[in-house]
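In: From the sequence below, what's the structure:
(chains A and B)
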Amino acid sequence: MGEGFEPSARHVISNEPAITPELIAQHGLRPGEYERIVKLIGREPSFTELGIFSAMWNEHCSYKSSRMHLRTLPTKAPWVIQGPGENAGVIGIGDGLAVVFKMESHNHPSYIEPYQGAATGVGGILRDVFTMGARPIACLNALSFGDPKHPKTRSLVAGVVAGIGGYGNSFGVPTVGGEVRFDRRYDDNILVNAMAVGLADADKIFYSAASGVGMPIVYLGSKTGRDGIHGATMASAEFGADAEEKRPTVQVGDPFSEKLLLEACLEIMAKGCVIAIQDMGAAGLTCSAVEMGAKGDLGVTLDLDKVPCREIGMSAYEMMLSESQERMLMVLKPEKEQEAEAIFRKWGLDFAIVGETTPTKRFIVRHGGALMADLPIKELGDEAPLYERHFIQNKRRPVIDAASVKPPLANADALEQLIGSPDLCSKRWVWEQYDYIILGNTVQRPGGDAAVVRINDGPKALALTSDVTPRYCEADSFVGGKQAVAEAWRNLTAVGAQPLAVTDNLNFGNPERPDIMGQLVGCIRGIGEACRALDFPVVSGNVSLYNETKISGQDVGRAILPTPTIGGVGLLDAFTKSMTLAFKAEGESVLLLGETRGWLGQSLYLRDICGREEGAPPPVDLTAEKRNGDFVRALIGEGLLTAVHDVSDGGLLVALAEMAMASGIGAVLQAPSTIPPHAFWFGEDQARYVVTATDARRVSERARAAAVPLLHLGATGGAVLALDGERALPVEELKRRFEAWLPAYMAGVENGLGAI
Amino acid sequence: MKSAVIVFPGINRERDMARALTLMSGRAPAMVWHADIALPAGTDLVVIPGGFSYGDYLRCGAIAARAPIMNAVRGFVAKGGLLLAVCNGFQIACEAGLLPGVLMRNAQLRFICRDVYLRVERSDTAFTRGYNAGQVIRVPVAHGEGNYIADGETIARLEGEGRVAFRYSSPDGMVDPNWNHNGAMNAIAGIINEHGNVLGMMPHPENHVEAAMGRTDGRGLFAGLVDHFKLAA
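Out: Have a look, this model is predicted:
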């Protein structure tokens, strides 16, 4: 029982539905959790209170399954200003500037209502960033869709992409990068992970902890409607057959209001009006008010009669659980009230004082003169259930001997097929629907290893990427977790940036299943190990569980592939030095840095060309990653390289083809005789980069001195990719295939390539 | 060159435009709020930048065309002042009756952000004097509703009077449906009014003024305007 708690008759709140076991279950609360509530408050909760508890204690808001594992992640570094626990993470980048960023999922809503689900996902993450006083400067998004042949996939892709563009383009932030994958395991549960990055003055970051008693709590932004009620609770359960009926739990986005909210918030922050600020995201008014009070060790009293409503007759329950978008809660300096109100009125936004801070540490809600909730505020957050769920580690899969894999196709044919496949083809159809140039700072556009965005007028720039290889995570979650971090680090390195920090968006199935819990635990361990080894701390993140669909007649649902998306941020000292992957000129040496063993297990070659989803994923040697990456970055800084590309999905030949297609310049290339050619060209060994240089000897000498394995692959030139023993591949033809699949698929026509 | 950039709520390329104007003219523009009723004294050039004014929730540009500041803009144009209207600005200028025609949804019904090629149709306007007629420039577009449409009589008049300033084209300057990304009639990307003092265009020259951000093909438009006012002075 909380301090200062006095049970009395005033807690008996009439006129509300009786609390029944069915009602409790509908709120996503387990019987044990309900008992805990009764014990905590010493009585039966009111209907409104039950709603508040369900909002605070669901998986989405409380991290009850993941919290104890998340604590093991490294979150500190000299440049980290704010780690996990706030609206977004904050890192310093020198010159008195800070970068504020986070990635968050909007998976369940996007499946039910793709346009609005994805749009409000973008809106939510943008608010997280500007709540902290940062102006958003870039967005990324990582999308996982079902099998292209699944009847819903095409419309989901169209809706999600239009929604992301519809919100970001109108808000006015460039969407500069991300990833798109297809796998049947996402058929019933797509993933929409949105990342936003903002820029702030390092000494003007705004936090959510309230301070001072009797301070006005101000409601800002759009009016409250009945949309999104129980959105967070929905995101905390698996889908049943009735998924489509949950459309009313999806919010509707209004990017125009959000843009106004951004400008108004930044203006009142600059005028020094704000003590604390919290956006209303998941669980709306409830979550924002409780967090501001609990973090500041204060109570909060809300008067719902003051809340601007979109419709009449809304109950306290509805107002407390609404997830209407584009709203903020703020604790204001009382003397600045009028000034702040004038700014909001100028931007045409609602501004209402809806409550105040109190010394009691209680969360009190009044409506229509009646007391609707009176709860201990600290316990609502801190005493949320914490589960040490049982987990089993996934079984090790055998290492596949490359020599035992018979190539079903000539390597040239395999390359053509791979670069025209759903996972490896050009995603131009997607990113051309996003405005990636607005604000005038996009140095590297989508399509490279990482996006590069100049900071103000430069010379510094940020490199941004998002990465994960879900099939590796499923085959070995520890290795997969490490690999996701390593690949993000490598992509930032490949454009010449110093990797600084990550945000993680952990998407998994039902954590009550020990095997799924094992995936979560394994991936977090892998992420932690890689982040420690690479000095790449986790500063923010989000966990999305229950990405799973029940199948009638079966106990075990169909879960997604474990997908811990890593959003990485790196820093370049000079945007003019950012490195790109396109071949630059004919007659340059093509070099491979890093060791190649020809690892085919879990490769796209094995899956898409041989039809086998098998084997252990490639091992991740973090010492080699660090050594090779630091080497590449140093050489870029010294101007010794002319193009750099990391080797990942599809292996070396796919990386080379991408470098050729980006430039129109071909290359003449040889494989060493020690490895079967198909394993050499398509193996997915980690810690590797393809680079080009005009002075190969100097690069070789430096590599030898740094103990970085180096292999001469050949030279750029001509208009074909020429591999010894294979037919020549015209770069133009590769490009045609690379660009063909997605537009043809989305248009619903055969693309003539036989890929679908 | 003293310029003024009009800012309606929901406009979002005003910073890009202000940066290009500052870079090319050496002078930062005045930012004028939609609720104002007058332009700064001595304004040479008014710019309506891109974005989603008022969310584009009615018809693109329809609400902005009726904003308080637009009376001042109409008065300024009537007296021969130069107005550059880009993207949402073009839509607003059409809705305000300052230019004929309308911008419909892109033919493929999707928002498109990409570099396009424009053939400069004439070099004897204040806006295009920095280019040669027939020159092809590469600048980005970022719009969902840039498909220029007007009735046959209007199109005939625009063409007859040489009021098409820019046309979508192939890299070698050929008008070709494959290079007309939004399906605009006669591949029209930008037009001027009958007095030659209003230019509306969908592409964003302000986003191609620095080599590091892609290209510098947009500089010609601003350099031409700066020259125009230098000569006039």
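In: for the stretch 251-400 of chain A, what spans make up the helices?
Out: In the stretch 251-400 of chain A, the segments counted as helices under DSSP state H, counting those that start in this stretch are A:255-270, A:284-295, A:316-321, A:337-346, A:377-382.
In: Same check on chain B?
Out: Ranges of helices in chain B, per DSSP state H, are B:14-25, B:69-78, B:88-95, B:152-160, B:219-232.
In: returning to what we had before: out of the helices of the stretch 251-400 of chain A, flag the one nearest chain B.
Out: Ranking these by proximity to chain B (C-beta to the nearest C-beta) places helix A:255-270 first, at 2.9 Å. Quick note: C-beta positions are derived from backbone N, CA and C, even for glycine.
In: Helix, strand or coil: sort out the nearest residue to A:Glu613 once chain neighbours are set aside for me.
Out: Distances taken as C-beta to C-beta, 6 or more residues apart in numbering or on different chains place A:Arg607 nearest to A:Glu613, at 5.3 Å, with adjacent residues excluded. Under DSSP: H, G, I helix; E, B strand; the rest coil, A:Arg607 falls in the helix class.
In: ok, A:Arg607 touching A:Tyr472?
Out: No: with contact defined as C-beta atoms under 8 Å, A:Arg607 does not count as touching A:Tyr472 (11.5 Å).
In: Tell me which of those two has more neighbours.
Out: Taking neighbours as other C-beta atoms under 10 Å in any protein chain shown, A:Arg607 and A:Tyr472 compare with A:Tyr472 leading, 28 against 17.
In: Local confidence estimate at the more buried one?
Out: If you check A:Tyr472, the pLDDT there is 98.
In: Please name the residues that touch it.
Out: Counting by C-beta atoms under 8 Å, 6 or more residues apart in numbering or on different chains, A:Tyr472 touches A:Val479, A:Gly480, A:Gln483, A:Gln602, A:Pro617, A:Pro618.
In: what helices or strands is the helix or strand containing A:Glu35 leaning on?
Out: Here A:Glu35, judged by DSSP states H and E, is contained in helix A:31-41. Under the contact definition 3 or more C-beta pairs under 8 Å, 6 or more residues apart in numbering or on different chains; DSSP states H and E, helix A:31-41 sits against helix A:21-26, helix A:47-57, strand A:370-376.
In: how about it as PDB, C-alpha atoms only?
Out: Taking Å, rounded to 0.1, in the frame of the first residue of the first chain, the C-alpha atoms of helix A:31-41 are listed here in PDB:
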ATOM      1  CA  PRO A  31      -6.400 -12.600 -12.600                       C
ATOM      2  CA  GLY A  32      -3.100 -12.300 -10.700                       C
ATOM      3  CA  GLU A  33      -2.600  -8.800 -11.900                       C
ATOM      4  CA  TYR A  34      -6.100  -7.800 -10.900                       C
ATOM      5  CA  GLU A  35      -5.500  -9.200  -7.300                       C
ATOM      6  CA  ARG A  36      -2.300  -7.100  -7.200                       C
ATOM      7  CA  ILE A  37      -4.300  -4.000  -8.100                       C
ATOM      8  CA  VAL A  38      -6.900  -4.700  -5.300                       C
ATOM      9  CA  LYS A  39      -4.100  -5.200  -2.800                       C
ATOM     10  CA  LEU A  40      -2.300  -2.100  -3.900                       C
ATOM     11  CA  ILE A  41      -5.300   0.200  -3.500                       C
END
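In: Give me the angle between it and strand A:370-376.
Out: 100 degrees (axes from the mean of the first three to the mean of the last three C-alpha atoms, to 10 degrees).
In: Identify each buried residue in helix A:31-41, please.
Out: Within helix A:31-41, the residues that qualify as buried by neighbour count (16 or more other C-beta atoms under 10 Å in any protein chain shown) are A:Glu33, A:Tyr34, A:Arg36, A:Ile37, A:Leu40, A:Ile41.
In: Quick check: the second one touching A:Ile24?
Out: Yes: taking contacts as C-beta under 8 Å, A:Tyr34 lies within contact range of A:Ile24: 4.9 Å.
In: for chain B, what are the nearby residues on chain A?
Out: A:162, A:165-166, A:169-172, A:254-257, A:259-260, A:347-348, A:431-443, A:445, A:454, A:458, A:575-576 (C-beta under 8 Å from any C-beta of the partner chain).
In: what's A:Gly123 sitting at in phi/psi?
Out: Main-chain torsions, A:Gly123, degrees, to the nearest 10: phi -60, psi -40.
In: any idea how far the closest residue to it other than its chain neighbours lies from A:Asp227?
Out: Leaving aside its sequence neighbours, A:Gly123 sits nearest to A:Gly253 (C-beta to C-beta, 6+ apart; 4.9 Å). As judged by C-beta to C-beta, to the nearest Å, A:Gly253 and A:Asp227 stand 10 Å apart.
In: Of the two, give the one with the bigger neighbour count.
Out: Taking other C-beta under 10 Å, A:Gly253 and A:Asp227 do not tie; A:Gly253 has more neighbours (26 against 19).
In: so where do the strands sit in chain B?
Out: Along chain B, the segments classed as strands by DSSP state E run B:3-7, B:30-33, B:45-48, B:82-86, B:102-104, B:112-120, B:136-143, B:147-149, B:164-169, B:188-192, B:198-201.
In: Which strands and helices lie in contact with the fifth one?
Out: If you count contacts as 3+ C-beta pairs under 8 Å, 6+ apart, strand B:102-104 packs onto helix B:88-95, strand B:147-149.
In: Show me the beta-bridge partners of the residue most central in space within chain A.
Out: Note on chain A: the residue nearest the mean C-alpha position is A:Met103, at 3.6 Å, using C-alpha atoms, centre = their mean. Beta-bridge pairing of A:Met103 under DSSP bridges involves A:Met195.
In: Perfect, that will be all.
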